[in-house]
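[1] sequence isn't available, so here's the structure alone:
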C-alpha cells in the first residue's frame, strides 16, 4: 500500500499508526486529528509523518482508518464514504459495531468499508499513551464481512495479521451482545467501584492508603476516557443493560449468602468462579 | 532474634518467611503447615529451614507469625497464647482484625500479641505462589496497639520496616470498616463479574476469546482462594454489607443514566471517577 491515513491519533489510532510504521505495510502514514495538542504530540513522537486535513487524507489514501470515539465515527463514516474514490478502503476501530454498520447499510460504497474492532487498549488516552506493541497477540474482530468486498476484507485481515493479531469474524449484532459482557460491563463495574470508594473517602480520608494491588487492578478501568466510553455505553445500551442486570443478580446472590453467613454456599460460589483461571489461561 | 516460626506457609506466610530470610532478621526460620504437599514445597523452595509441629514451634520461637485463614486464626491464637512463655511474641496476618482482637481481649497473655495486616497479596495461593518481594513498599497495619506491650509492638514494627513496608496504626474496628471498601469489596465485584461471564458463556462458548486485558485485570481477584476469602467475607459481614449496598447504589445510578441515554450525566460521572487516577498516583 502506498498511503494509509489514520483519523484520530489517540491511544488506539496512535498505537495502530506506530505498529504500521514498524511492520512497514505502507510507504507513508499520515494522520488527521482535530486536537492541536495531539497533532503536535503525534508528530513529535513520530506516530505519523504528516498531519493533513480530512479532505486531503481522503484524497491521498489507499486505506483510511477511523479511530475516533464511536459517536464521531457515526457522523464521519458516511461523509468519508461519500467522498472516496472507487479504490479506497475504509475501516473503523470502534468498540460497538451494530450501530455503525446500520448507519451505512444502504450507502452505495458500503462494500468499500470493513467494520472492525481490535480488542486492545489501556486505561490511558491520547498520543502520549500510544505504543506500537498494543495490538501484539490480541484479537481483532471483523464484522458483517459479507457486506464488504472480498478484496477489502482480505487487505484489512492481512494488516491485522501483520501486527500478530488473531483475526475472528462475526456479525455486528453478535459482537455487540458479547462485548457487552467481556468489555463494557467490566468498565461499568470499575467505574462503580471507584465511585463507591471515592464517596467513602469523604468519611475516611486515609482510605486509599489501605488500597493494595488487588484494588488497583480491579479499579484500573475507572481511569478510562469519558469521551470514548460515554457513547459506547449509550450505543450498546440494550446489551449492556442485560449484562448489568445479570451482574446485579450475581452481586445480590453473594450479598445474600454473606448476610446468611452461609459458608458452604460462599465457598462453592468462589470455587466455581475460580474456573475463570482455567479459561483465561487457555487464551 | 534467634528463631521465628511461621504458621501457614501459603502465599502470605511463605512470602514473609522468604523475605525474613533475605533480610536476615532471625538466625533460624521454621515453619508449621498441616498440608503435607505444602510442607514439601516449602522445604524444596527453601522457604523455611525446618518443618516442625505447632508445639515444637511454640517451644522454640521468639516470634510466632500466624498466617492462616482467619477462621483458623480464631481457633489457633488462644491455644498458642495459652502455651507460650512470657517472652514469646505472637503476631497474626489476617485480613480482618476486630473479631480476632475481641476473641483474646481478656487473655492473660494479650499483651504479647500484636494484631497486624500486611496489605499485600496476589490472586495465587500456596507455597509455590510465594515470593520474597511481595511486601516491598506495601502498607502494614498494626491494630489496637495499646493492648500490646510496647516492646512487642516495636519489634513487629521493626520487622515490617526491614521489609521496606510502610507501617500504620489504627483500631481494629476502623481497619475492618475501611478494608471492606478497598479490599473485600473489590473481591466481591471480581467474583460477581467472573460468575456473570461464566454464566453467559453457556449461551456463547467463544465469549472469552473476546476478553481483553481490561477484563482480565478487572476479574483477576476472582481467581483468589475460597479457603482464605470465605471466612473473611463472613467475619467482616457488617462492614462488607454496607460496602456492597453502597456499590449496588452506584451500579444502579449508572444503569439509570444509561437507560435514559443521559450522555451528559454519564460523562460527568466517568469524569468524576477518573479522580481515582490522581489518588492512586499519589500513593
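    Arrived safely, thanks for sending. Values in this document were obtained by computation on a predicted structure and should not be read as measured data. Residues are numbered from 1 along each chain as shown, chains lettered A, B, ... in the order given.
[2] the residue nearest to residue A:128 when sequence neighbours are not counted in helix, strand or coil?
    If you skip the residues right next to it in sequence, residue A:128 has residue A:41 as its closest partner in space, 5.7 Å away by CB to CB, 6 or more residues apart in numbering or on different chains. Every residue, glycine included, has its C-beta placed from N, CA and C. Three-state call for residue A:41 (DSSP: H, G, I helix; E, B strand; the rest coil): helix.
[3] and for residue A:41, the neighbour number?
    Neighbours of residue A:41 under the rule other CB atoms under 10 Å in any protein chain shown: 19.
[4] let me know the distance separating it from chain B.
    19 Å (CB to the nearest CB, to the nearest Å).
[5] next one: residue A:158
    20 Å.
[6] which pLDDT value goes with that residue?
    With respect to pLDDT, residue A:158 scores 97.
[7] next: residue A:283.
    For residue A:283, the pLDDT comes out at 64.
[8] before we move on, the earlier item: I'd assumed residue A:125 was in contact with the residue nearest to residue A:128.
    No. Under the criterion of CB atoms under 8 Å, residue A:41 is not in contact with residue A:125, lying 11.7 Å apart.
[9] isn't residue A:140 up against residue A:162?
    No. With contacts counted by CB under 8 Å, residue A:140 stays clear of residue A:162, the gap being 11.1 Å.
[10] which one of these two is surrounded by more residues?
    Shown here are residue A:140 and residue A:162; by other CB under 10 Å, residue A:140 has more neighbours (22 against 14).
[11] which SS class is the more buried one?
    For residue A:140, the assignment made with three-state DSSP gives strand.
[12] for it, which residues make a bridge with it?
    Taking DSSP bridges, one obtains residue A:118, residue A:167 as the residues bridged to residue A:140.
[13] which residues does the residue nearest to residue A:128 contact?
    Contacts of residue A:41 were listed using CB atoms under 8 Å, 6 or more residues apart in numbering or on different chains, and they are A:9, A:47, A:126, A:127, A:128.
[14] what's the per-residue pLDDT of it here?
    Confidence score, pLDDT, at residue A:41: 97.
[15] can you check residue A:271 too?
    pLDDT, residue A:271: 97.
[16] that one reaches residue B:227, doesn't it?
    No. Counting by CB under 8 Å, residue A:271 does not reach residue B:227; the two are 9.2 Å apart.
[17] between those two, point out the one with more neighbours.
    A count of neighbours by other CB under 10 Å puts residue B:227 above the other of residue A:271 and residue B:227, at 16 against 13.
[18] secondary structure element holding residue A:29?
    Per DSSP states H and E: residue A:29 is located in strand A:28-32.
[19] quick one: end-to-end distance for stretch A:157-172.
    In stretch A:157-172, first residue to last residue: 16 Å (CA to CA, to the nearest Å).
[20] what's near enough to touch residue A:119?
    Contacts for residue A:119 (CB under 8 Å, 6+ apart) come out as A:138, A:139, A:140, A:141, A:179, A:183, B:210, B:211, B:212.
[21] go through stretch A:160-170 and flag the buried ones.
    A:160, A:163, A:165, A:167, A:168, A:169, A:170 (16 or more other CB atoms under 10 Å in any protein chain shown).
[22] from chain B, how far off is the residue minimising distance to the centre of chain A?
    The centroid of chain A falls nearest to residue A:95 when counting by CA atoms, centre = their mean (4.3 Å). Distance of residue A:95 to chain B, computed by CB to the nearest CB: 10 Å.
[23] residue A:96 now?
    To chain B, residue A:96 is 13 Å away according to CB to the nearest CB.
[24] tell me which element that residue is part of?
    Assigning secondary structure by DSSP H and E places residue A:96 outside every helix and strand.
[25] also the one 5 residues further on?
    Following DSSP H and E, the helix or strand that holds residue A:101 is helix A:98-103.
[26] any residue of that helix up close to chain B?
    No. If you take CB under 8 Å from any CB of the partner chain as the test, helix A:98-103 misses chain B, and the best it gets is 12.5 Å.
[27] quick one on the thing from earlier: and the two most separated of the buried residues of stretch A:160-170?
    Farthest pair in those (CB to CB) is A:163 and A:170. Separation: 19.6 Å.
[28] returning to that earlier point: which among the buried residues of stretch A:160-170 gets closest to chain B?
    Chain B lies nearest to residue A:168 out of these, by CB to the nearest CB, at 6.5 Å.
[29] was I right about that closest one contacting residue A:179?
    No. In this structure, residue A:168 is not within contact of residue A:179 by CB under 8 Å, at 11.9 Å.
[30] still on that earlier bit, most surrounded residue in the contacts of residue A:119?
    Result: residue A:179 is most packed of the contacts of residue A:119 (other CB under 10 Å), 27 neighbours.
[31] any idea which helix or strand carries it?
    Per DSSP H and E: helix A:172-179 holds residue A:179.
[32] going by neighbour count, list what's buried in that helix.
    For helix A:172-179, burial by neighbour count (16+ other CB under 10 Å) applies to A:172, A:174, A:175, A:176, A:177, A:178, A:179.
[33] got phi/psi on the closest residue to the last one other than its chain neighbours?
    The shortest distance from residue A:179 to any residue that is not its chain neighbour, by CB to CB, 6+ apart, is 5.9 Å, and that residue is residue B:210. The main-chain torsion angles of residue B:210 are listed as degrees, to the nearest 10 and equal phi -90, psi 0.
[34] and residue B:210, what does it touch?
    Taking CB under 8 Å, 6+ apart, we find residue B:210 in contact with A:119, A:139, A:141, A:175, A:178, A:179, A:182, A:183.
[35] of these, closest to residue A:263?
    Of all these, residue A:182 has the smallest distance to residue A:263: 30.4 Å, by CB to CB.
[36] now do the phi/psi pair for the spatially closest residue to that closest one that is not a sequence neighbour.
    The shortest distance from residue A:182 to any non-neighbouring residue, by CB to CB, 6+ apart, is to residue B:211 (4.2 Å). Phi and psi for residue B:211, reported as degrees, to the nearest 10, are phi -80, psi 130.
[37] residue A:25 is in contact with residue A:162, correct?
    Yes. Using CB under 8 Å, residue A:162 is in contact with residue A:25, at 5.7 Å.
[38] pLDDT on the longest helix seen in chain A, on average?
    The longest helix of chain A (DSSP state H) is helix A:237-259. Here helix A:237-259 scores 98 as its mean pLDDT.
[39] buried set for the helix holding residue A:101?
    Buried residues in helix A:98-103 (16+ other CB under 10 Å): A:98, A:99, A:100, A:101.
[40] okay, now the unreliable bits of chain A?
    When residues are selected by pLDDT under 70, those of chain A lie in A:283.
[41] any idea where the strands of it begin and end?
    For chain A, the strands defined by DSSP state E occupy A:3-7, A:28-32, A:50-51, A:63-66, A:89-92, A:113-119, A:139-143, A:166-170.
[42] just put the ones you listed in TSV and tack on distance to residue B:89.
    Shown next, in TSV, are the strands of chain A (distance: least, CB to CB, whole Å):
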stretch	distance to residue B:89
strand A:3-7	62
strand A:28-32	63
strand A:50-51	66
strand A:63-66	63
strand A:89-92	63
strand A:113-119	51
strand A:139-143	53
strand A:166-170	55
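[43] among these, which is nearest residue B:236?
    When those are compared by CB to CB, strand A:113-119 sits nearest residue B:236, at 35.9 Å.
[44] gap between residue A:245 and chain B?
    As for residue A:245, its distance to chain B is 8 Å (criterion: CB to the nearest CB).
[45] distance of that residue relative to residue B:199?
    To residue B:199, residue A:245 is 12 Å away according to CB to CB, to the nearest Å.
[46] ok, now residue A:239?
    Distance, residue A:239 to residue B:199, by CB to CB: 15 Å.
[47] so between the two, which is more surrounded?
    Neighbour tally, residue A:239 and residue B:199, criterion other CB under 10 Å: the higher count belongs to residue A:239, 21 against 14.
[48] against chain B, how distant is the more buried one?
    Residue A:239 sits 11 Å away from chain B, taking CB to the nearest CB as the criterion.
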